[in-house]
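[1] how would this look folded up:
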Amino acid sequence: MADNTNVLVVEDEPAIVELVSYSLREAGWDIRSADTAQGAWESISRGKPDLVLLDWMLPDQSGLRLLARLRADRDFQDIPVIMLTAKSMEEDKIAGLNNGADDYVTKPFSPRELLARSRALLRRKSPHLAEAPLRAGAVTLDPNSCTVVVEGQQIEIGNAEYKLLKFLMAHRERVFSRAQLLDKVWGDHAVIEERTVDVHVLRLRKALKSADGLIRTVRSVGYMLSEK
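    Residues are numbered from 1 along each chain as shown. Here you go, the predicted structure:
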């Protein structure tokens, strides 16, 4: 995973926060923590994390309540969440998963296992965070150096076009509307109109030169990256 992966640990036991934080920082991740559901919500509202590790039992309300609130919010519903809990009953695990948890780790847990599960979840749900180069046809995008190579030659590419290409390469063969691309690539608060997406697609195709055919227009729907 990329070194700037941001994780929020929502846990009211200081020893567990310290253990988890130490293990994940060793992996190069940025860690924030909150010891209440309200504190966690405020932290998430200030800056959306890439992953939330969420304790089931919190002082002010259950982790499940916070999870339900996240899943009901358009801005935060796609944040990957792993539940941390002492509960090992099968019904409790099912309740967590049914409420939108992506995975479940029962205390006491191995920090190495938690790190491995976190990495697996981020690879599955947020492939654009992976530090491994993304490849499609003759195009290679390296997230570490923020460079794009076409047929062995590095190309000049604008920041907006780079972000668009990175997202489409991480979600290849999937069609996205202009509104979805605005939301996923630039965020809700970007001062960009839907038609401006067309301009960025045009510039991206021009930058890709001979590989411009990878970016497909799906009539009346939007755009996708496809090697087919």
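
[2] would you map the helices across the protein?
    With helices called from DSSP state H, the chain shows them at 14-26, 37-46, 63-72, 90-98, 111-125, 159-170, 178-181, 194-208.

[3] point out the most buried one among the ones you listed.
    Most buried of the helices of the chain, by mean neighbour count (mean count of other CB atoms under 10 Å): helix 159-170, with a mean of 20. Any C-beta I mention is one placed from the backbone N, CA and C, and that applies to glycine too.

[4] residues in contact with the helix-or-strand element of the chain with minimal mean pLDDT?
    Every helix and strand of the chain was ranked by mean pLDDT, DSSP states H and E. The lowest is helix 90-98, at a mean of 73. Residues from elsewhere that reach helix 90-98, judged by CB atoms under 8 Å, 6 or more residues apart in numbering: 56, 64, 67, 83, 85, 87, 104.

[5] which one (most neighbours) among those?
    The member of these surrounded by the most neighbours (other CB atoms under 10 Å) is residue 83, with 27 neighbours in all.

[6] quick one on the thing from earlier: adding distance to residue 222, write the helices of the chain out as TSV.
    Output for the helices of the chain, formatted as TSV (distance: least, CB to CB, whole Å):
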stretch	distance to residue 222
helix 14-26	36
helix 37-46	28
helix 63-72	25
helix 90-98	31
helix 111-125	21
helix 159-170	11
helix 178-181	6
helix 194-208	8
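
[7] and residue 225, which of those helices is closest to it?
    helix 159-170 (3.8 Å; CB to CB).

[8] average pLDDT for the closest one?
    Across helix 159-170, pLDDT averages out at 89.

[9] by contact count, what packs against it?
    strand 134-136, strand 139-142, helix 194-208, strand 222-225 (3 or more CB pairs under 8 Å, 6 or more residues apart in numbering; DSSP states H and E).

[10] need those in CSV (columns: mean pLDDT and distance to residue 18).
    Putting the helices and strands packed on helix 159-170 into CSV (pLDDT from 0 to 100; distance: least, CB to CB, whole Å) gives the following:
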stretch, mean pLDDT, distance to residue 18
strand 134-136, 89, 35
strand 139-142, 91, 35
helix 194-208, 92, 44
strand 222-225, 95, 42
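
[11] tell me which of these sits nearest to residue 156.
    The closest of the helices and strands packed on helix 159-170 to residue 156 is helix 194-208. By CB to CB, the value is 6.7 Å.

[12] what lies in contact with that closest one?
    Against helix 194-208 from outside (CB under 8 Å, 6+ apart): 139, 148, 150, 155-158, 160-161, 164-165, 178-179, 181-182, 212, 214-215, 217, 223.

[13] switch to 10 Å and redo it
    137-139, 148, 150, 155-158, 160-165, 168, 176-182, 185-186, 190, 192-193, 211-215, 217, 222-223, 225 (CB atoms under 10 Å, 6 or more residues apart in numbering).
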